[in-house]
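Enquirer: 3D model of this:
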Amino acid sequence: MRIGLLAEQVGLSSQTIRYYESIDLLDPPGRTASGYRDYGDDAVQRLRFIRDAQACGLSLAEVQTLLELKDARRSTCDHTLAFLERRLADVDEQIERLAFTRDELASLVERGRRLDPDACTDPNRCQVIEAT
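Expert: Presented below is the predicted three-dimensional model:
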């Protein structure tokens with residue numbers, strides 16, 4: 001199948017598919033007599049795996065590792081689990097940082113609501129965000 005049809009089937013752009021080829025996530029396809037890329041059904045499954053792994057938050061380097069294991073007919077379950085556990089820990093840490101930032105912003109908003117705008121006379125400072 002040609003790249004446009006493949007892109008449509010897997011929900012990726014042609015440019016993304018070409019990029020995956022360039023970084024060896026996807027084997028180069030055969031070519032038609034007129035020089036067009038000619039992908040097999042295996043490309044659909046591989047691209048869906050790449051797309052789904054990235055949707056779970058895996059990096060392309062992690063996806064490459066999993067694909068290399070799959071290509072060698074080795075189990076990927078332990079590696080996949082380790083990658084996902086690391087990603088989950090990263091997300092939990094990010095949520096903590098965001099919660100802290102949210103609390104700080106809420107405090108500043110509350111402070112700003114209590115301040116008298118007429119008391120703000122210094123053109124080089126803002127009484128809302130300046131530490132007391």
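
Enquirer: Strands of the protein, residue ranges please.
Expert: 30-31, 37-38 (DSSP state E).

Enquirer: Give me the contacts around the last one.
Expert: This means strand 37-38. Strand 37-38 is contacted from outside by 1-3, 29-32, using CB atoms under 8 Å, 6 or more residues apart in numbering. Where C-beta positions appear, they are placed from N, C-alpha and C, glycine not excepted.

Enquirer: Neighbouring strands of that strand in the sheet, and parallel or not?
Expert: Paired strands of strand 37-38, with direction, are strand 30-31 (antiparallel) (DSSP bridges).

Enquirer: roughly how far apart are the nearest residue to S75 once chain neighbours are set aside and A53?
Expert: With CB to CB, 6 or more residues apart in numbering as the criterion, S75 has its nearest non-adjacent residue at 7.3 Å, and that residue is L69. According to CB to CB, to the nearest Å, L69 stands 12 Å off from A53.

Enquirer: Turn the contacts of strand 37-38 into TSV, columns for neighbour count, distance to D78 and pLDDT.
Expert: Formatted as TSV, the contacts of strand 37-38 follow (neighbours: other CB atoms under 10 Å; distance: CB to CB, whole Å; pLDDT from 0 to 100):
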residue	neighbour count	distance to D78	pLDDT
M1	17	34	94
R2	13	37	95
I3	19	34	95
P29	19	31	94
G30	10	34	93
R31	10	38	92
T32	10	40	91
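
Enquirer: mind listing which of those are in helices?
Expert: I3 (DSSP state H).

Enquirer: Generate CSV for the contacts of strand 37-38, with distance to F83 as supplementary columns.
Expert: Listed next are the contacts of strand 37-38 as CSV, based on distance: CB to CB, whole Å:
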residue, distance to F83
M1, 30
R2, 33
I3, 29
P29, 28
G30, 32
R31, 34
T32, 37
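
Enquirer: who touches the spatially most central residue of the chain in this structure?
Expert: Centrality entry for the chain: nearest residue to the mean C-alpha point is G57, 5.3 Å, by CA atoms, centre = their mean. Listed by CB under 8 Å, 6+ apart, the contact set of G57 reads 84, 87, 90-91.

Enquirer: Restricted to helices, list these.
Expert: Using DSSP H, the contacts of G57 in helices are 84, 87, 90-91.
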